[in-house]
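Asks: Provided below for reference: sequence and predicted model.
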Amino acid sequence: DGGIGYWLRRAMAERSKTAREAVKTGGELVERFGYTSSGRTYIIADANEAWMLSVVNGKHWVAQRVPDDHIAIIPNYYTITTVDLSDTMNYYGSADLVEYATKKKWYNPKKDGEFNFRLAYSDEGNLQNMGNIVRNWSAINLVATQQYAVDASFPFSFRPKKKVELSDLFVILRNHNEGSEFDKSENYTKGNPHEFGRAICSSTTQYGFVAQLRRNLPKEIASVMWLAPFRPCVHPFTQWYYGMNSIPEGYAEGSYRNALDIHFNPIEDVFEFAPRNKFLESVKYAKRVDGNYGPEIRQIKQKISALETELINSQPGFERRMVELISNNPAMAGKAITEYCEKQLQRS
């Protein structure tokens, strides 16, 4: 009925054991069925590799591996530029990617020089959207060795100025362009920063998360999602381990199968639909803070930092105990992991 869309990410997860395998699976599905949406980049990672898989409306796609020790930043546009499909350690894609762009007159080899996927296949409005550009620019400048101008050509990926910690990623996801000409709240003196344009943490943000993927640990604790509900600037990131037995109360509606059935059903009144949903509490809290953002955020930041620092510092000890418990009593370990995650959520 026009191609694959939402189900692409689920199919990749179900059919693949590694990020690289998922990239190939995604590409094969797009070439077979076509992609129904206007275009999207999927970020696919495991403990060993990270990839960007960019798909376009139709049957064309390209994927690039993020080099080891690099960071890649992606706003709402394509970031893959040069493509070398002969380098199968780092690239995959449609065999006729260049020929198709030439045929469609998106790319002229004589006039345009080296093929650039981003320029050939992107919607020009997306590339010129200042909300996209500024979010990319602000994130890069938080962690890059050099400082880029907002109108510079940003790299696909780069080596950061120092080893990146969890807390550094939290900072990126909380950014409102503070200290720059794009901070229209002027350090929160003219209202809250979510009123002005699209910063990384903006009025359209639904949640923030960091996926921490490690090797040489039991699967129950090797993968952990640090989640901040709704707005990361006013909510702490807490751990959701893969080994949890269940989703904490108030964070799910029914089972995952039920969630799939109702995913695309329109909701007329979210407050009537989910009166016990914890997400709504997060929304109400963030909206209240927005009304007095400048005076309140400083104290909130201190409390968030204290909790997150404690969780990060205590993580190695907790995981050592879980490694032993998983080995001796897996059922008890699952219960302990679930209780730990729920406790941190309650504290947050």
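Replies: Arrived safely, thanks for sending.

Asks: only C-alpha atoms for contact and neighbour calcs from this point on.
Replies: Fine.

Asks: helix or strand for Asn177, which one?
Replies: Assigned by DSSP states H and E, Asn177 belongs to no helix or strand.

Asks: got a list of what Trp137 touches?
Replies: For Trp137, the contact set (C-alpha atoms under 8 Å, 6 or more residues apart in numbering) comprises Tyr148, Ala149, Val150, Phe154.

Asks: likewise Val224?
Replies: Going by C-alpha under 8 Å, 6+ apart, Val224 touches Ala211, Gln212, Leu213, Gln239, Trp240, Tyr241, Tyr242.

Asks: Once you drop chain neighbours, what's closest to the first one?
Replies: The spatial neighbour of Ala211 that comes closest, neighbours along the chain excluded (C-alpha to C-alpha, 6 or more residues apart in numbering), is Met225 at 4.6 Å.

Asks: What helix or strand is the one you found located in?
Replies: Using DSSP H and E, Met225 falls in strand 223-229.

Asks: got it, and Gln212?
Replies: strand 207-213.

Asks: Quick check: can you name the pairing partners of that strand and their directions?
Replies: Using DSSP bridges, strand 207-213 pairs in its sheet with strand 223-229 (antiparallel).

Asks: Partner strands of the helix or strand that the strand holding Met225 is followed by and their direction?
Replies: Next along the chain after strand 223-229, taking DSSP H and E as the criterion, comes strand 238-241. Applying DSSP bridges, strand 238-241 is found paired with strand 223-229 (antiparallel).

Asks: Tell me how confident the model is about the strand it pairs with, as a mean pLDDT.
Replies: Mean pLDDT, computed over strand 223-229, is 97.

Asks: circling back: I'd like to check what contacts the strand holding Gln212. Which residues are they?
Replies: 46-47, 166, 169-170, 173, 222-232, 237.

Asks: List only buried entries from those residues.
Replies: 46, 170, 173, 222-232, 237 (16 or more other C-alpha atoms under 10 Å).

Asks: ok, those vs Gly291, which is closest?
Replies: Nearest to Gly291 among these is Arg231, at 14.4 Å by C-alpha to C-alpha.

Asks: now that closest one, nearest residue through space, not along the chain?
Replies: Closest to Arg231 by C-alpha to C-alpha, 6+ apart is Tyr207, at 5.8 Å.

Asks: So in terms of bridging, what pairs with the one you found?
Replies: What pairs with Tyr207, by the bridge criterion (DSSP bridges), is Pro229.

Asks: how far away is it from His194?
Replies: Separation of Tyr207 from His194 (C-alpha to C-alpha, to the nearest Å): 14 Å.

Asks: the more surrounded of those two?
Replies: His194 (21 against 17; other C-alpha atoms under 10 Å).

Asks: the inter-axis angle of the longest strand along the chain versus strand 207-213?
Replies: Ranked by residue count, the top strand of the chain under DSSP state E comes out as strand 35-45. Orientation check (axes from the mean of the first three to the mean of the last three C-alpha atoms, to 10 degrees): strand 35-45 against strand 207-213 gives 50 degrees.

Asks: Looks to me like Ser305 is in a helix.
Replies: Yes. Assessed by DSSP: H, G, I helix; E, B strand; the rest coil, Ser305 belongs to a helix.

Asks: What is the burial count for it?
Replies: 15.

Asks: Name all residues that make contact with it.
Replies: So Ser305 contacts Pro236 (C-alpha under 8 Å, 6+ apart).

Asks: And for Lys161?
Replies: Val143, Ala144, Thr145.

Asks: Buried among these? Make that a ChimeraX selection.
Replies: Buried members of the contacts of Lys161 can be picked out in ChimeraX with the line below, counting by 16+ other C-alpha under 10 Å:
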select :143,144
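
Asks: How about Thr18, nearest residue that isn't a chain neighbour?
Replies: Thr18 sits nearest to Asp46 (C-alpha to C-alpha, 6+ apart), 6.2 Å away.

Asks: wait, I meant Ser38
Replies: In space, and not counting its chain neighbours, Ser38 is closest to Asn57: 4.8 Å by C-alpha to C-alpha, 6+ apart.

Asks: helix, strand or coil for the one you found?
Replies: strand.

Asks: give me the number of residues near it?
Replies: Around Asn57 there are 19 residues (other C-alpha under 10 Å).

Asks: re earlier: which of the contacts of Lys161 lies closest to Ser348?
Replies: For the contacts of Lys161, the nearest to Ser348 is Val143 (26.8 Å; C-alpha to C-alpha).

Asks: And Asn258, how far from Asp151?
Replies: Distance from Asn258 to Asp151, by C-alpha to C-alpha: 46 Å.

Asks: Sorry, wrong one. I was asking about Ser203.
Replies: 24 Å.

Asks: who has more neighbours, the two?
Replies: Using other C-alpha under 10 Å, the more surrounded residue of Ser203 and Asp151 is Ser203, with 16 against 10.

Asks: need the contact list for the more buried one.
Replies: Here Ser203 is in contact with His194, Glu195 (C-alpha under 8 Å, 6+ apart).
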